[in-house]
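> Coordinates for the following, if possible.
(one chain, ligands or ions: 2)
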Amino acid sequence: LSSGNIRRGAFILFEGVDRCGKSTQCKLLVQSLQSRGIEAELWRYPDRTTAIGQMIDKYLQSKEDMNDAAIHLLFSANRWEKRDLMLDKINSGVTLVIDRYGHSGTAFTAAKNVPNLDLAWCKSTDAGLPAPDALIYLQMPVEETLKRAGFGGERYEKTEFQKEVLKNYEKLSNDSWNYLDASKSIEDLQEEALKIALDAIEECKKGKAMGKLWD
Ligand code: NYM
Ligand code: MG
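Ligands and ions are numbered 1, 2, ... in the order given. Predicted coordinates for the structure are as follows:
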């Protein structure tokens with residue numbers, strides 16, 4: 001960052017199994033940051049608006065099938081194609097609140113239990129991407145998510161598969177993750193998420209360097 005007075009924004013990531021409430025919390029967090037005068041944007045992966053994202057969308061809606069390694073690489077490429085813009089935004093002071101990232105990429109592909117596509121291989125394609133400054137993991141048993149509206153509409157939204165995904169998240173997790181109990185009320189979760197985000201934004205303002213996946 002060359003300019004002396006612009007402080008970088010933070011990268012706040014939400015992760016968790018399907019239907020745990022990530023999208024709701026992301027939206028609310030961006031709103032409350034903005035209402036505090038903090039420049040913030042909501043991003044999500046997959047970003048279905050790009051050419052690569054449209055291929056991913058067709059795959060998720062089961063309109064097309066694809067080799068498991070190939071679709072994994074597309075999910076990863078979808079992050080790499082947005083990498084420069086991500087860094088530009090963050091370095092110009094914008095805080096990005098992102099709904100899923102490479103942690104989903106690895107947890108979901110590895111849940112397929114395809115030979116060679118193990119955790120290490122899945123992680124490798126994302127190595128070097130910007131790392132989140134705070135990762136908020138919404139913790140919820142798969143049985144609870146099944147009760148929520150919309151479950152089952154897309155590929156991967158199957159009980160046994162989601163249980164494998166959850167196990168993979170546990171294998172990827174470390175002490176830096178912020179675990180929130182996703183069964184709490186939307187308001188309580190929002191309060192906890194906001195506190196985590198404000199702390200991360202403060203650290204970034206003080207000059208904390210951007211990290212890289214999976215260092
Ligand atoms: N997903 C998401 C992957 O399999 N790999 C990835 O890299 C990412 C970012 O896509 N079931 C899966 C997780 C979800 C699905 O996500 C679509 P969403 O948040 O429902 O749009
Ligand atoms: Mg979904």
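
> Could you find the closest non-adjacent residue to residue 161?
residue 111 (5.8 Å; C-beta to C-beta, 6 or more residues apart in numbering). All C-beta atoms are positioned from the backbone trio N, CA, C, and that covers glycine.

> and the one you found, how many neighbours does it have?
21 (other C-beta atoms under 10 Å).

> Surely it is in contact with residue 160?
No. If you go by C-beta atoms under 8 Å, residue 111 and residue 160 don't touch, sitting 9.3 Å apart.

> where does this structure have its least confident helix or strand?
helix 142-146 (a mean of 93; mean pLDDT, DSSP states H and E).

> tell me what whatever helix or strand comes next after that one is packed against?
The helix or strand immediately downstream of helix 142-146 is helix 159-172, counting by DSSP states H and E. With contacts taken as 3 or more C-beta pairs under 8 Å, 6 or more residues apart in numbering; DSSP states H and E, helix 159-172 sits against helix 102-110, helix 119-124, helix 142-146.

> sorry, back to before: show me the contacts for the residue nearest to residue 161.
With contact taken as C-beta atoms under 8 Å, 6 or more residues apart in numbering, residue 111 is in contact with 156, 161, 164, 165, 167, 168.

> ok, now residue 10?
By C-beta under 8 Å, 6+ apart, residue 10 lies in contact with 90, 95, 96, 133, 134, 197, 200, 201, 203, 204.

> hmm, who's touching the least confident helix or strand of the chain?
Counting by C-beta under 8 Å, 6+ apart, 17, 18, 19, 20, 151, 159, 162, 163, 166, 182, 183 sit against helix 142-146.

> In that helix, which residues are buried?
142, 145 (16 or more other C-beta atoms under 10 Å).

> from the chain's centre, how far out does that helix sit?
Helix 142-146 has its C-alpha centroid displaced from the chain centroid by 19 Å (C-alpha atoms, centre = their mean, to the nearest Å).
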